[in-house]
Every structure is written in C-alpha cells, then in structure tokens.
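Trainee: Sequence and computational prediction follow.
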Amino acid sequence: MSVTTAFVVCEYDVLLPERGVAALAGELQLALFRTHAGEVFALGNQDPFSGANVMSRGIVGSRGEVPTVASPMFKQVFDLRTGECLDDPSVSLPVYEVEIVDGQVMVNLSEHG
C-alpha cells in the first residue's frame, strides 16, 4: 500500500500565467508554473546543472506544443509536463502531480513522471 502525501501549496489565483513561484512543502523546494491555458505544473526547484534552487525564476515558454521552462542559470530548457531536459535528455527535473481542489493548488509529493 502506498501513502499519498499531498500538500495545499497556495490558492490557484495567486499564480500568475507564465510566471514561476517557489514553494516549500515540508523540506522539499518546488517550482510551480501556471500556463496561459490555466494548467499548473510542479517541478523540483533545483537546477540540475548548477545545483542552485532557481527553477521557479526560469523563463516560461514553449517548443512547438511542449510547455517549457528555461533555467535562469545556463538556459537549459525543460518540459513542464515530464521534467525532461530538451537540450540534454539524460537530465531531468522531478515532476509532481498537481490538482486544483476548491481553488487550492494541491501537490502530491510522490514523484510522478
């Protein structure tokens, strides 16, 4: 039997489209992103290339139909859905499942994807 650990991180309305926000869930640093389409993604906040906790300050965009965030440090681009680095597929960010419940952003801290 697996245990699901979900945290209410913030209200959905405080997330601005195409902007990142850092959040602390327990001792885990998250980077939350809301797209123009209204989807919310949660990734690990630590940039795997620099080791700095800065992904929430990344540049949100897209490559084709893929929603992305570019690291503010060295500009590697990551898929918001899978965490995969599009510039180096051997590297990825942890991805966490997000659910919006009664206007609250809930993040399941079991790594997903």
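Mentor: Arrived safely. Worth saying up front: this structure is predicted, and the values here are computed from it rather than measured. Residues are numbered from 1 along each chain as shown.

Trainee: Please enumerate residues in contact with the helix or strand bottoming out on mean pLDDT in the chain?
Mentor: Least confident helix or strand, the chain: strand 104-112 with a mean of 86, by mean pLDDT, DSSP states H and E. Strand 104-112 is touched from outside by 2, 4-12, 15, 23, 25-26, 28, 30, 32, 40, 42, 94-100, with contacts defined as CB atoms under 8 Å, 6 or more residues apart in numbering. Glycine gets a C-beta too; all of them are placed from N, C-alpha and C.

Trainee: Centre of the chain to it, how far?
Mentor: 10 Å (CA atoms, centre = their mean, to the nearest Å).

Trainee: That one: which residues count as buried?
Mentor: Using 16 or more other CB atoms under 10 Å as the test for burial, strand 104-112 gives Val105, Met106, Val107, Asn108, Leu109.

Trainee: which residues touch Ile100?
Mentor: With CB under 8 Å, 6+ apart, Ile100 has these contacts: Tyr12, Val40, Met106.
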